[in-house]
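[1] fold the stuff below for me.
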Amino acid sequence: METTKLLTSWGVAFATGLAAQGLLAADTSGVGAPGSTTAPETPRAEQPDTHSQAELGGSMTSQTPALVAEVRTESGPRIATVRRAYLTAGTNRFAFVVPDGFRLDASEPEKIRLVSPDYHCLCTIRLLCGLPEAQAPAAQACRQLLLSEHPEAIVLSEFALNAADRYGPAFDLRWNAKGGMLRTERAAFIPSRAGVFEFSAVGSPTNLTETQTMLSQVMLSLSTSGPDGKLVVHPLSNRL
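    This next block holds a predicted model:
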C-alpha cells in the first residue's frame, strides 16, 4: 500500500469544487486533499470539534478521539473488488465500503468526507462527542443540531435508520445554499462504542435518489469492532 502526501493545491481545488455546488462553505482554509483509491489518509493533529456536545444533550459530554482513516482496495477469487475505508477512533475500529468513483478526504480529525467525481454529492461521516456505548440520541436534539447548522432548512420527514445493527433518528431536509441553489440532505445519528456517528449526504433534488442510495451503501456496509477490539469485515461476493 502506497502512502501519498496531502497536497495543499489539491485541497483548495477540492474545497472549491464543493463550494461551487453549494455543498461546502467557500472558505478553503484548512482543507486537505482528497484521498487516492489505494493510499491511506491521515488527518492533521488537531483538537476534535466539540460544538455539538450541548445540542445532543447531557449524555454527550466527553470528547471523542480523532478519526484516523485509510483506504484499501480489496479483491480476490470470487470476491468483488471494492475500496474500503478503515477508521480508527481511540481503541475502536470501523470500516465501510467507499462508493465507486468517490474521493475520500480525511483532513479534519472529527469527520470523513466522501465526494462524487462531479462534486454533486457530498457524504460526511462525523463522530460526535459522547460516552462509550452511547444510546441513540433524542430525535429532538438531533433535529436542533441540524437546524443550528442550516437555520433556514425545512425538515421534510423524520424516521429511523440502522447501521451495524444499531438504530438512530434520521431526517430528510431541504434548504437553499449560497447562490440560491436548492440542496437536500439525509442525516442519521447512529450510536457506537466510540460515540454517536452522524452520517449525512447532501446533493441537489435532481440527484436525490443517487445521494440517498450512496448513503445507504455506506451505512449498510459499516462494520464495527467488538469489546475485544477485533474488527471482522466480510468480503462482498462478485456473484451478487
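[2] tell me the bridge partners for the residue nearest to Pro235 when sequence neighbours are not counted.
    Leaving aside its sequence neighbours, Pro235 sits nearest to Ile79 (C-beta to C-beta, 6 or more residues apart in numbering; 4.5 Å). C-betas here are computed from N, CA, C, even on glycine. For Ile79, the beta-bridge partners are Gly76, Ser237 (DSSP bridges).
[3] give me the pLDDT for Ile79.
    Looking at Ile79, its pLDDT is 85.
[4] same deal with the one 3 residues further on?
    Reported pLDDT at Val82 in the predicted model: 93.
[5] any idea which element it lies in?
    Per DSSP states H and E, Val82 falls inside strand 79-89.
[6] list the contacts of that strand.
    By C-beta atoms under 8 Å, 6 or more residues apart in numbering, the surrounding residues in contact with strand 79-89 are 37-38, 64-75, 93-98, 104, 112, 125, 127, 194-195, 221, 231, 233, 235-238, 240.
[7] if we can go back for a sec, residues near the residue nearest to Pro235, how many?
    Ile79 has 13 neighbours, counted by other C-beta atoms under 10 Å.
[8] same deal with Ser148?
    Applying other C-beta under 10 Å, we find 13 residues neighbouring Ser148.
[9] secondary structure element for it?
    Taking DSSP H and E as the definition, Ser148 sits inside helix 139-149.
[10] and that helix, what does it pack onto?
    strand 154-163, strand 166-176, strand 182-192 (3 or more C-beta pairs under 8 Å, 6 or more residues apart in numbering; DSSP states H and E).
[11] and that helix, what's buried?
    Residues of helix 139-149 classed as buried by neighbour count (16 or more other C-beta atoms under 10 Å): 139, 141-143, 145-147, 149.
[12] just the helices in this protein please.
    Using DSSP state H, the helices of the chain run over 8-20, 139-149, 208-220.
[13] among those helices, show the one with the smallest mean pLDDT.
    helix 8-20 (a mean of 44).
[14] so Ser192 sits right up against Gly226, yeah?
    No: between Ser192 and Gly226 there is no contact under C-beta atoms under 8 Å: 11.6 Å.
[15] compare neighbour counts for those two and give me the winner.
    More crowded of Ser192 and Gly226, by other C-beta under 10 Å: Ser192, with 22 against 11.
[16] who are the contact partners of that one?
    Neighbour list for Ser192: 92, 94, 134, 164, 166, 224 [criterion: C-beta under 8 Å, 6+ apart].
[17] distance from the centroid: which residue in this structure tops it?
    Distance from the C-alpha centroid of the chain peaks at Pro77, with 30.0 Å (C-alpha atoms, centre = their mean).
[18] quick one: pLDDT of the spatially closest residue to Gly229 that is not a sequence neighbour?
    Of all residues not flanking Gly229 in the chain, Thr91 sits nearest, at 5.8 Å (C-beta to C-beta, 6+ apart). Among the per-residue scores, Thr91 shows a pLDDT of 90.
[19] can you get me a residue count around Thr91?
    Residues within reach of Thr91, counting by other C-beta under 10 Å, total 11.
[20] next one: Leu208
    16.
[21] quick one: it and Arg183 touch, right?
    No: between Leu208 and Arg183 there is no contact under C-beta under 8 Å: 10.4 Å.
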